[in-house]
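1. Predicted model follows, preceded by the sequence.
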Amino acid sequence: MKCPSDVEAESFLRAQGVREETVAHCLRVAAIAGRLARNAAAEGHPVDERLARLGGLLHDCGLGRSHRTDHMIWSRELVLASDLGDAAFRAALGRIAERHVGPGLTREDVAAINRAEGIAIPERDYLPETLEEKIVCYAGLLTLGDREIPFEERWADTSQTYGAESAIGQRVAALHRQLGPWAGGAGQG
């Protein structure tokens, strides 16, 4: 796959009209995603570190169009319509962008979000499947604004908001069990 440089990707992100705090957040998610991917690769897992890092950088590019949950669809569409890399790379980035919210969203989650926010995200599952998609989700969970947070901080928030035994809580815990050992920093625990 042909992929863009980091400079091209950051320039694209800024060109979407996102706020500077979004750029800082995306840079932090990208750094964490890169570290997770490098550590996974060091253990012999097949992972595209560049795709994970650039997916982290571009996952919120749709926030220049919407500050609601449907920004995930905008992010996918903006990436797919761009000239960032080849079609295969853009497709992989698009899947990361549409699946990055929390630990991923089920059809049921999307239906509830659509009702609550008055939006129309197509109702289907948006769950991370590839290792790169899971890495960007987990990197996002380890990020609050532009700072990396310990998993325990995210888990406390998830448990309080959704419940530890909820479907969302279980998906967050599953991502942590799989990817936490590769965090090499705040995500460990």
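-> Happy to help now that I have it.

2. Quick check: which ranges of this structure have low pLDDT?
-> The chain contains residues with pLDDT under 70 at 185-189.

3. Past the longest helix that the chain contains, which element shows up next along the chain?
-> Of all the segments of type helix in the chain, defined by DSSP state H, the longest one is helix 20-42. Using DSSP states H and E, the helix or strand that directly follows helix 20-42 along the chain is helix 49-58.

4. hmm, who's touching that next one?
-> 1, 3-4, 6, 9-10, 12-13, 26-27, 29-34, 36-38, 41, 75, 79, 84, 89, 92-93, 96-97, 100, 131-133, 135-136, 139-140 (Cβ atoms under 8 Å, 6 or more residues apart in numbering). Just so you know, the C-beta spots here come from the backbone N, C-alpha and C atoms, and that holds for glycine as well.

5. Please apply the same query to stretch 2-16.
-> By Cβ under 8 Å, 6+ apart, stretch 2-16 touches 23, 26-27, 50-51, 53-54, 57-58, 61-65, 78, 82, 84-86, 89.

6. show me what contacts the residue nearest the centre of the chain?
-> With distances taken as Cα atoms, centre = their mean, the chain has His100 as the residue nearest its mean C-alpha position (3.4 Å). Shown in contact with His100 (Cβ under 8 Å, 6+ apart): Gly55, His59, Asp60, Met72, Ser75, Pro128, Glu133, Val136, Cys137, Gly140.

7. can you tell me which helix or strand the fourth one belongs to?
-> What it means is Met72. helix 71-81.

8. Can you tell me which helices and strands that helix packs against?
-> helix 87-98 (3 or more Cβ pairs under 8 Å, 6 or more residues apart in numbering; DSSP states H and E).

9. Just the C-alphas of the helix or strand that the helix it packs on is followed by, formatted as CSV.
-> Per DSSP H and E, the first helix or strand lying C-terminal to helix 87-98 is helix 107-117. This file holds the C-alpha atoms of helix 107-117, laid out as CSV (Å, rounded to 0.1, in the frame of the first residue of the first chain):
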residue,chain,number,x,y,z
ARG,A,107,-25.9,-1.5,15.8
GLU,A,108,-27.8,-1.0,19.0
ASP,A,109,-25.4,1.6,20.3
VAL,A,110,-25.8,3.5,17.0
ALA,A,111,-29.6,3.4,17.1
ALA,A,112,-29.5,4.8,20.7
ILE,A,113,-27.0,7.5,19.6
ASN,A,114,-29.1,8.5,16.6
ARG,A,115,-32.2,8.9,18.8
ALA,A,116,-30.3,10.8,21.5
GLU,A,117,-28.4,13.1,19.1
